[in-house]
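# Just the structure for this:
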Amino acid sequence: MPWIKTIIEFSKKFDMECTHQKYCTRWCYERVYRQCFRLSEAFKVVYDEDLSQDSIIDKRKQFVESWQAKQDFTKQKRVSNPRRESAVVRQSGVDRVPMALRGLLIEKLNEIEETKTS
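A predicted model of the protein is given here:
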């Protein structure tokens, strides 16, 4: 295998530690991969090879779908069990009137009823 030495030298050139922040280095593995993929797609177009849209995988769409599936799964986990009957019957915190105001409200309602009857 006389070509193995050449392959090893070529693979040493790749930058496997690129952070992909703002721009990739010239020998970034992902960058070279994208360039090769685009080149092969261009060859298929030039040489009239049939490109079926089903075979082309959109990685962005895959990422969005997987993220959406995770979100749906966490929403399903967060759904709580039905509340106890005693909790449903109780007044909510918004409807409760403080004890100090309750007496004033009763007095005010009595005054209103007295004015209606008069």
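
# so what's the backbone phi/psi at D15?
The phi and psi torsions at D15 (degrees, to the nearest 10) take the values phi -100, psi 100.

# show me what contacts it?
Applying C-beta atoms under 8 Å, 6 or more residues apart in numbering to D15 gives the contacts C24, T25, R26, W27, C28, Y29. Placement of C-beta: from N, CA and C, glycine included.

# ok, of those, which come out buried?
Buried residues within the contacts of D15, defined by neighbour count using 16 or more other C-beta atoms under 10 Å: C24, C28.

# of the contacts of D15, closest to K5?
Using C-beta to C-beta, W27 comes nearest to K5 of those, at 19.0 Å.

# So the closest one is in contact with K12, correct?
No: with contact defined as C-beta atoms under 8 Å, W27 does not reach K12; the gap is 9.8 Å.

# Low-confidence stretches in the chain?
Within the chain, the segments meeting pLDDT under 70 span 49-57, 77-98, 100.

# Okay then, goodbye and thanks.
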